[in-house]
Structures are given as structure tokens and as C-alpha cells.
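Chemist: what would the 3D arrangement of this be:
(one chain, ligands or ions: 1)
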Amino acid sequence: MKVEALSLPGIVKVTPARFGDNRGFFSETYNQKNMAEAGIPDLFVQDNQSLSRQKGVVRGLHCQLAPHGQGKLVRVTRGAIWDVAVDARTGSPTYGQWVGVELSAENWSQLWLPVGFLHGFVTLEENTEVQYKCTGLYDKASERSVRWDCEQLGIEWPVTREDAVLSEKDLQAPSFDAAQGWFEYK
Ligand SMILES: Cc1cn([C@H]2C[C@H](O)[C@@H](COP(=O)(O)OP(=O)(O)O[C@H]3O[C@H](C)C(=O)[C@H](O)[C@H]3O)O2)c(=O)[nH]c1=O
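Modeler: Coordinates of the predicted model:
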């Protein structure tokens, strides 16, 4: 498995091996030992999957507050996304900084985001399926959102506001200012 630390400390991109043959391929998409060696904890308690039928669907920026914070290990099993992590840990030297990575069924890469980071993505193809493991269970009351196109964050999304497809919840999300104090940098 290939492991790449990204420009935002704490965010890790991993690419499991994929063994192709005349039938197709086989891949260990999650191996506790390999992931632990990459610095990705082994306690995942929930698997999620979403399908976005259109190109340009933006989901995020989301997180859950303590004690329901979620580390996420994200991968794409059909189509492609541009996946984004934002450091929301008050006191962090990289507070408000972001990193974006293309994850696709083609490149087979996965992105690890620890607790304390906002997560969001935009689909780059129609009928994109995203699957992700979470270190915490869903807790609706502790969900928080920040608007995807917050000027303060300046995320360089590969989609225009006109073309972006968002949920009502995400259309009404506050700016990143709201995130002050959500997470403490340790
Ligand atoms: C997240 C979640 C949602 N739901 C229900 C609640 C709603 O009735 C429905 C759709 O939820 P939502 O619109 O919040 O789904 P997304 O916009 O894809 O949200 C996700 O998008 C970004 C990218 C994330 O990282 C989070 O995991 C998550 O916030 O699924 C559940 O039952 N369990 C869950 O864990």
C-alpha cells in the first residue's frame, strides 16, 4: 500500500494494491495492520456510502462535535470526487488551511481525516459512489456544517457556484467563523 503525507499535517492519502488479471481485480481495501502502520487508527464503528447522480454535487463541509467526533477514511468505488479536508482545530498552526485530493475508482486512493477536520467533496463524474469508514457513530445533534464556498477558506473547488448541486442544509451553512472552539488543537 502506498502512503503519502499531504501538505496539511494529519491528512494522509493511501493507495492499496490492486491485483488485476483476466477476470478483473482483487484489492484489500482495508487492512488494519497496514492502515495502523500508515498512522490510521483501527477503531472504525460505522461504514457509510453515498451515491451522487450528477457531476458537480457538493456534500459538505461537515463534522460532528465531541464526544461524537469522527475520523473518516474515504474512498470512491465508482466515478470520481475532489475530496477536501479543512483544519478546524482552534489553536492549530494550520487552522483554516485546507487540502484537496482527487479520489476515484480509477486511482483507487483513499483519504484519512482525523477528528477535528471538516470534510467535503465535489463529484467529478455522474453516478459517483463514495464509501467511508468512521471512527464515531452518527449523532445528528452534534452535526455541524460550514459553507463550502466560504470566502475565508478560499477553497479552490473545481466547480462554479452556478453548477454546484447542494442540499438545503449545505446551502444554509454558516461561514468558517462559526467553527471557532468546535475542536481544540492538542
Ligand atoms: C451522515 C449521516 C446521515 N444520515 C442520514 C441523515 C439524512 O436523512 C440522510 C442524508 O444525510 P446528509 O444530507 O447529511 O448526507 P451528506 O450530505 O452526504 O453528509 C455527509 O457528507 C459529508 C461528506 C460527510 O463527511 C459526512 O459523513 C456527512 O455529513 O442520511 C444517517 O442516517 N447517518 C449518517 O451518518
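Chemist: does Gly96 touch Phe176 like I think?
Modeler: Yes. Counting by CB atoms under 8 Å, Gly96 touches Phe176, with 6.3 Å between them. Where C-beta positions appear, they are placed from N, C-alpha and C, glycine not excepted.
Chemist: from the chain's centre, how far out does stretch 151-158 sit?
Modeler: Centroid separation for stretch 151-158 versus its chain: 15 Å, with CA atoms, centre = their mean, to the nearest Å.
Chemist: circling back: give me the more crowded residue out of Gly96 and Phe176.
Modeler: Summary of the neighbour comparison: Gly96 and Phe176, criterion other CB atoms under 10 Å, with Phe176 having more neighbours (22 against 16).
Chemist: phi, psi of the more buried one?
Modeler: According to degrees, to the nearest 10, the main-chain angles of Phe176 amount to phi -60, psi -20.
Chemist: make 862 the first number, not 1, from now on.
Modeler: Sure, I'll start numbering at 862, so the last one becomes Phe1037.
Chemist: show the pLDDT at it.
Modeler: At Phe1037, the predicted lDDT confidence score is 97.
Chemist: ok, back up a step: what residues are shared contacts of Gly957 and Phe1037?
Modeler: In the contact map built from CB atoms under 8 Å, 6 or more residues apart in numbering, the residues linked to both Gly957 and Phe1037 are Val947, Ala949, Gln1013, Leu1014.
Chemist: just checking, the second one touches Phe1044?
Modeler: Right, Ala949. Yes. Between Ala949 and Phe1044 there is a contact at 5.4 Å, judged by CB under 8 Å.
Chemist: list the neighbouring strands of whichever strand or helix holds Leu979 plus their orientation.
Modeler: Taking DSSP states H and E as the definition, one finds Leu979 inside strand 978-984. Sheet pairing of strand 978-984 (DSSP bridges) gives strand 919-925 (antiparallel), strand 941-948 (antiparallel).
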